[in-house]
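In: After the sequence you'll find the predicted model.
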Amino acid sequence: MAKYSIGIDYGTESARALLLNLETGEEVATSVMNYPHGVMDEELPDGTKLPQDWALQHPDDYIEVLKKIVPDVINQAGIDKADVIGLGIDFTACTMLPIKKDGTPLCDIPQYKSNPHSYVKLWKHHAAQPEANKLNEIASQRGEDFLARYGGKISSEWLIPKIWQILNEAPDIYEEADKFIEATDWVVMKLTGNERRNSCTAGYKAIWHKRKGYPSKDFFRALDERLENLVEEKLSKDIYPLGTKAGELTPEMAKIMGLNPGVAVAVGNVDAHVSVPAVGVTSPGKMVMVMGTSICHLVLDDKEVEVPGMCGVVEDGIIPGFYGYEAGQSAVGDIFAWFVDNCVPYEYKIEAEKRGISIHELLTEKAAKLKPGESGLLAIDWWNGNRSVLVDADLTGVILGMTLTTKPEEIYRALIEATAFGTRMIIDTFNQNGVSISELYACGGLPEKNPMLMQIYADVTNLEIKVSKSSQTPALGAAMFGAVAAGKAKGGFDSIFEAARVIPKLKEETYNPIPENVEIYDKLFEEYKLLHDYFGRGINNVMKRLKALKEGVSNVREA
Ligand SMILES: Nc1ncnc2c1ncn2[C@@H]1O[C@H](COP(=O)(O)OP(=O)(O)O)[C@@H](O)[C@H]1O
Ligand SMILES: O=C(CO)[C@@H](O)[C@@H](O)COP(=O)(O)O
């Protein structure tokens, strides 16, 4: 009798479950549900307004989705729930929340429900940039060696700046929180009753090192006296490697998910990292791009080196036995969504509606008729700041070269090209610093949705791109880790290497660079690099001055 594993991928807007047949490797069923509260970036459920750069989620949504998507995959497949042996989850990260000892999120306590700091801070919550700047300044003055492992800078998206923001702006929430925890670990805690923090988020997002642990108490005290005992008091030194079994599904959670208690649950994982074995990558030289709202770039190597602006290098952070490197772009699909939502003329909307296609598809169809360089446009992809290689959330977007004849599809294409240049910047930086990349693998929503975009990425990077056959690669990876947690004796796998040999499949068709396009994109990339350094490396800080002006004006307006 075939055995099954379930992977649950907690994305930015929605969560999806995937049921994996461990005998055939077939993805038997999937089910998606949007979070009831969505991303809260303007107000809380009770109408409390949020300042700019905030992005919150409601933790109750993470449990709510399980009630629908898990029973849904079981019903669709018509299998016996007793044959589900493993379950794994992956999450966006650093997506963190303050909780009580028993796991209760502070936002679920009535007296805190109007305090924004009691909710989940989503990965793209960028309002802790002042704390991140200060942390980087202090760490660099003190010569903290951990900075090198994070490309020279800690991002405002990560755990310590987010916690410090809570302490600065809501000391009562800081005090009241018994723990700060990654959402991925919190859900695992809910599923199993065990707090089992995973090495991936600890390593990439919480400045934890397998041998050195967290930064010293001295460092935390240098940030703020009140943070001196943060690790002992509100984090945990108990960190579990990926692939470990966190525990078994509790009867209470099994009931609401329509499963049997006792299913093996893997320690939590991150959406990007979990995708690496899910495209079959378990060795160096191959960069995996998880392409959707944002892009995460991941690569394995057998040595630890410093790559400027990388998000991090973590031993065993992706696959045991390797150093896992991560870099990323904070907005990719989000930029195209912004354009579609804000900048498309009425006639385009009508045409798309009449033809029953999305505006993305219409713009892509028109943009595909253009040759590289034909629009005369060049854009910089910093609509949500720059995560690599500049690590600066205060940078903003640019579109250069517009005239009275510029068309929407030309801008749409320039925005796609800008994101491809951002990726090339990351690849070049890895190559120049001793982590060589000779192959690209892609997964996520964008390769499914936009072949033109994929061709542009192949042309800009001058590398062939192989694409995952799964349309839910992170969920597939999570299911693979669930099967590893269950173990071979139960019908799963003994290691993620074994799972990665058997399960992942790639599409036959790959994207190959077209030499004449490569030539033009090489020239455009030179221009992109000039603008990148001009705006991004302090030659002209106009973006920051504009942002400061904007903040000043909006503060005056509010007062
Ligand atoms: N045809 C398209 N071409 C390019 N981008 C698209 C297209 N359709 C949707 N998108 C973008 O894809 C992104 C969603 O990607 P997806 O991988 O599904 O989500 P997530 O990153 O949250 O998992 C959105 O930001 C949206 O703007
Ligand atoms: O930052 C990470 C991983 O390190 C991601 O979770 C984050 O970019 C969210 O990605 P998506 O919303 O899935 O595009």
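Out: That came through, no problem. These numbers come from a predicted model, not from an experiment. Ligands and ions are numbered 1, 2, ... in the order given.
In: Spell out which residues of the chain are next to ligand 1.
Out: Residues of the chain that fall close to ligand 1, judged by Cβ under 6 Å from any ligand atom: 11-13, 292-293, 333-334, 336-337, 360-361, 364, 444-446, 449-450, 453. Every C-beta, even on glycine, is put in place using the N, C-alpha and C of the backbone.
In: ok, of those, which come out buried?
Out: In terms of neighbour count (16 or more other Cβ atoms under 10 Å), the buried residues within those are 11-12, 292-293, 333-334, 336, 360, 364, 444-446, 449-450, 453.
In: hmm, back to that, ok, which of the residues of the chain next to ligand 1 also contact ligand 2?
Out: 11, 12, 292, 293.
In: Pretty sure residue 242 sits against residue 201.
Out: No. When contacts are counted by Cβ atoms under 8 Å, residue 242 is not listed as touching residue 201 (10.2 Å).
In: Compute the number of surrounding residues for residue 261.
Out: Taking other Cβ atoms under 10 Å as the criterion, the count of residues near residue 261 is 12.
In: For it, give me the pLDDT.
Out: At residue 261 the predicted local distance difference test score is 98.
In: spatially speaking, which residue is in the middle of the protein?
Out: By Cα atoms, centre = their mean, the chain has its centre lying nearest to residue 92, at 4.6 Å.
In: tell me the phi and psi of the residue nearest to it when sequence neighbours are not counted?
Out: The spatially closest residue to residue 92, leaving aside those adjacent along the chain, is residue 123, at 4.5 Å (Cβ to Cβ, 6 or more residues apart in numbering). Residue 123 has phi and psi values of phi -50, psi -40 when expressed as degrees, to the nearest 10.
In: So what would you say the end-to-end distance of stretch 41-56 is?
Out: When the termini of stretch 41-56 are compared using Cα to Cα, to the nearest Å, they are 6 Å apart.
In: Show me what counts as buried in that stretch.
Out: Residues of stretch 41-56 classed as buried under the neighbour-count rule (16+ other Cβ under 10 Å) are 44, 50, 53, 54, 55, 56.
In: That one and ligand 2 in contact?
Out: No. Shown here: stretch 41-56 not in contact with ligand 2 (Cβ under 6 Å from any ligand atom), separated by at least 10.7 Å.
In: can you list the residues that contact that stretch?
Out: Outside stretch 41-56, the residues within contact range by Cβ atoms under 8 Å, 6 or more residues apart in numbering are 37, 39-40, 58, 113-114, 116, 119-127, 129, 393, 551, 554.
In: redo that, cut-off 10 Å
Out: Around stretch 41-56, the neighbours that count as contacts under Cβ atoms under 10 Å, 6 or more residues apart in numbering are 12, 36-37, 39-40, 58, 60, 95, 97, 107, 113-129, 156-157, 169, 384-385, 393-394, 547, 550-551, 554-555, 558.
In: if you average pLDDT over that stretch, what comes out?
Out: In this model, stretch 41-56 has a mean pLDDT of 96.
In: and if you look at stretch 126-141?
Out: Averaged over stretch 126-141, pLDDT sits at 96.
In: Is it correct that residue 179 is in contact with residue 159?
Out: No. Taking Cβ atoms under 10 Å as the definition, residue 179 is not a contact partner of residue 159, at 11.8 Å.
In: Tell me which of the two has more neighbours.
Out: More neighbours sit around residue 159 than around the other of residue 179 and residue 159, counting by other Cβ under 10 Å; the figures are 26 against 19.
In: Can you name the residues of this protein that neighbour ligand 2?
Out: For the chain, the residues in contact with ligand 2 (Cβ under 6 Å from any ligand atom) are 11-12, 92-93, 123, 270-272, 292-294, 296, 326, 328.
In: Phi, psi for residue 467 please.
Out: Comment: the main-chain dihedrals of residue 467 come out as phi -120, psi 140, following degrees, to the nearest 10.
In: Report how many residues lie close to it.
Out: Residues near residue 467, counting by other Cβ under 10 Å, number 24.
In: wait, isn't it in contact with residue 445?
Out: No. Taking contacts as Cβ under 10 Å, residue 467 lies outside contact range of residue 445: 11.9 Å.
In: Mutual contacts of the two, please.
Out: What both residue 467 and residue 445 touch, as defined by Cβ under 10 Å, 6+ apart, is the set 291, 473.
In: Please read off the pLDDT at the residue of the chain most remote from its centre from the model.
Out: Each residue of the chain has a distance to the centre, and by Cα atoms, centre = their mean the biggest one is for residue 404: 37.5 Å. On the pLDDT scale, residue 404 is placed at 98.
In: returning to what we had before: from the buried residues of stretch 41-56, pick the one nearest ligand 1.
Out: The shortest approach to ligand 1 among the buried residues of stretch 41-56 belongs to residue 55, at 12.6 Å (Cβ to the nearest ligand atom).
In: so where do the strands sit in the stretch 451-559 of the chain?
Out: Taking DSSP state E, counting those that start in this stretch to define them, one finds strands in the stretch 451-559 of the chain at 465-467.
In: element containing residue 353, please.
Out: Using DSSP states H and E, residue 353 sits within helix 346-355.
In: Please name the residues that touch residue 158.
Out: With contact set as Cβ under 10 Å, 6+ apart, residue 158 has these partners: 93-94, 96, 123, 128, 132, 135, 150, 201, 204-207, 311-312.
In: what do you get for residue 284?
Out: Applying Cβ under 10 Å, 6+ apart, one finds that residue 284 lies in contact with 299, 300, 301, 302, 303, 322, 323, 325, 435, 436, 437, 438.
In: For the chain, give me the ranges with low pLDDT.
Out: Low-confidence segments of the chain, defined by pLDDT under 70: 558-559.
In: can you give me the strands in the stretch 51-200 of the chain?
Out: Read by DSSP E, counting those that start in this stretch, the stretch 51-200 of the chain holds these strands, from start to end of the chain: 56-57, 84-91, 96-99, 120-121, 179-182, 197-198.
In: who does the fourth one touch, helix- and strand-wise?
Out: This means strand 120-121. Here strand 120-121 touches strand 56-57, helix 59-77, strand 96-99, helix 159-169, helix 183-192, going by 3 or more Cβ pairs under 10 Å, 6 or more residues apart in numbering; DSSP states H and E.
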